[in-house]
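**Q** Next input, structure requested:
(one chain, ligands or ions: 1)
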Amino acid sequence: MKILDGTWVAEALKKDIVRDVDRWSREFGRKPRMAAIVVGDDPASHSYVKSKEKDCRQVGMESILYKLSSTISQEGLIECVKSINEDAGVDGLIVQLPLPEHLNEQEVIEAIDPNKDVDGFHPINMGRMMIGLPSFVAATPAGIVDLLDYYHIPLQGKECVIIGRSNIVGKPLANLLSRKGYRGDCTVTLCHSRTVDLPEVTRRADILIAAIGQPLLIKADWVKEGAVVVDVGINRVEDNRTKTGYKLVGDVDFDEVAPRCSYITPVPGGVGPMTRVSLLKNTMQAAKLRDMPLF
Ligand code: GUN
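**A** Sure, this is the predicted structure:
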């Protein structure tokens with residue numbers, strides 16, 4: 001069994017991004033810049049955004065954070081998005097999700113300029129990705145494909161089972177892995193909460209991707225011998241032995257499942273760092289597109 005080491009691969013990919021950032025900055029006389037909007041005080045959202053800003057600094061990009069009150073109106077938030085759309089000094093824009101209950105997430109996503117939509121959540125980007133046109137691809141699915149590619153995991157004709165049909169992970173990933181050609185050509189099954197006999201389906205998988213958000217759901221007898229297992233889950237579970245009182249576990253019961261696998265991602269240190277590096281790649285792509293917008 002080999003570990004798919006997302007931390008290591010992400011660091012390797014960042015070296016390429018640093019070179020790109022440096023070249024671009026010298027040509028345009030400024031650094032690529034990502035703007036992030038975070039609404040309210042959710043500690044997890046603030047912590048994610050902080051990490052994204054740190055990643056930007058690490059590769060020589062700039063970031064600008066818009067911290068908005070949890071009481072902001074839908075109109076106020078959309079105004080903020082639109083002003084960043086118009087800001088020529090910003091290349092990429094993310095609105096950290098989830099938003100407080102009273103806000104309409106979809107409407108906010110659709111207010112983002114698709115040329116700055118480095119999360120790839122705008123329906124224009126989602127739709128273009130679906131039919132194989134140039135687009136921003138959501139960071140987690142893009143990172144998973146990069147990780148499999150980095151380890152030269154064969155995909156063509158393989159049975160790939162994805163658990164979880166979210167707009168952010170399951171749906172775009174199913175599309176990417178079933179695309180014609182390089183880094184695609186899998187036979188994809190997309191499972192969800194209404195799938196009958198999930199273990200029976202997952203046992204068919206050459207490549208099993210868990211993105212369901214249920215701690216330690218996937219057990220050894222759900223996995224075919226020699227399968228490649230990718231764990232997207234990041235779940236906080238109580239643990240009195242840690243300082244924080246919790247620990248992070250994936251959707252896969254790693255200790256049970258790992259011995260059956262050819263490759264497996266750890267949590268943390270698997271998909272997470274790949275997601276973060278994909279956001280940087282998208283921001284670099286957005287900067288490069290400034291002179292020739294996609295849309
Ligand atoms: N919340 C959870 N994942 C994400 C993400 O990839 N982007 C944004 N903007 N919010 C998220």
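
**Q** how about the residues of this structure near the ligand?
**A** With CB under 6 Å from any ligand atom as the criterion, the chain meets the ligand at residues 94-97, 119, 139, 168. Where you see a C-beta, it was placed from the backbone N, CA and C, and this is true even at glycine.

**Q** Buried subset of those, written for PyMOL?
**A** Paste this into PyMOL to select the buried members of these, with burial taken from 16 or more other CB atoms under 10 Å:
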select buried, resi 94+95+96+119+139+168
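
**Q** Looking at the residues of the chain next to the ligand, which are in strands?
**A** Cross-referencing these with the strands (criterion: DSSP state E) gives 94-95 as the overlap.

**Q** residue ranges for the helices of the stretch 151-295 of the chain, please.
**A** Secondary structure of the stretch 151-295 of the chain (DSSP state H, counting those that start in this stretch): helices at 170-178, 198-202, 254-257, 271-288.

**Q** Looking only at stretch 210-221, what residues are buried by neighbour count?
**A** Taking 16+ other CB under 10 Å as the criterion, stretch 210-221 shows 210-213, 215-218 as buried.

**Q** Oh, that last question was meant for stretch 239-257, not what I typed.
**A** Residues of stretch 239-257 classed as buried: 248-254, 257 (neighbour count, 16+ other CB under 10 Å).

**Q** now do stretch 126-140
**A** Along stretch 126-140, these residues count as buried under the neighbour rule (16+ other CB under 10 Å): 126, 128-129, 135-140.

**Q** Taking the stretch 101-250 of the chain, what residue is nearest to the ligand?
**A** Closest residue of the stretch 101-250 of the chain to the ligand, CB to the nearest ligand atom: Asp119 (4.7 Å).

**Q** Off-centre distance for the longest helix seen in the chain?
**A** Longest helix of the chain, by residue count under DSSP state H: helix 6-28. Relative to the chain's own centre, helix 6-28 is displaced by 18 Å; criterion: CA atoms, centre = their mean, to the nearest Å.

**Q** Next: stretch 134-147.
**A** Between the mean C-alpha position of stretch 134-147 and that of its chain there is a distance of 7 Å (CA atoms, centre = their mean).

**Q** What's the mean pLDDT across that stretch?
**A** Averaged across stretch 134-147, pLDDT comes to 98.

**Q** what does stretch 67-85 give?
**A** In this model, stretch 67-85 has a mean pLDDT of 98.

**Q** Show me what counts as buried in it.
**A** Of the residues in stretch 67-85, those with enough neighbours to count as buried (16+ other CB under 10 Å) are 68, 72, 77-78, 80-81, 84-85.

**Q** picking that back up, now for the buried residues of stretch 210-221: which two are most distant?
**A** Greatest spatial distance in the buried residues of stretch 210-221: Ala211 and Leu216, 14.4 Å, computed using CB to CB.

**Q** For this structure, give the residue positioned nearest to the ligand.
**A** Proximity to the ligand, evaluated over the chain using CB to the nearest ligand atom, is greatest for Leu97 at 3.7 Å.

**Q** As a check, name the ranges of all strands in this structure.
**A** Taking DSSP E as the criterion, the chain contains strands spanning 2-3, 33-39, 62-68, 92-95, 159-163, 187-191, 207-210, 228-231, 235-238, 246-249, 263-264.

**Q** Given the second one, what are its sheet partners and their directions?
**A** Partner strands and pairing direction for strand 33-39 (DSSP bridges) are strand 62-68 (parallel), strand 92-95 (parallel).

**Q** circling back to that earlier point, just the residues of the chain next to the ligand now: which is nearest Leu280?
**A** Using CB to CB, the shortest approach to Leu280 within the residues of the chain next to the ligand belongs to Ala139, at 9.0 Å.

**Q** That closest one contacts Asn282, correct?
**A** Yes - assessed by CB atoms under 8 Å, Ala139 is found in contact with Asn282 at 6.7 Å.

**Q** Spit out the contact partners of Ala205.
**A** Contacts for Ala205 (CB atoms under 8 Å, 6 or more residues apart in numbering) come out as 159-161, 189, 223-224, 227.

**Q** go again using 7 Å as the cut-off
**A** With contacts defined as CB atoms under 7 Å, 6 or more residues apart in numbering, Ala205 is in contact with 159-161, 224, 227.

**Q** who's the residue nearest to it when sequence neighbours are not counted bridged to?
**A** Spatially, and ignoring its direct neighbours in sequence, Ala205 is nearest to Val161 (3.7 Å; CB to CB, 6 or more residues apart in numbering). Per DSSP bridges, residues listed as beta-bridge partners of Val161: Thr189, Leu208.
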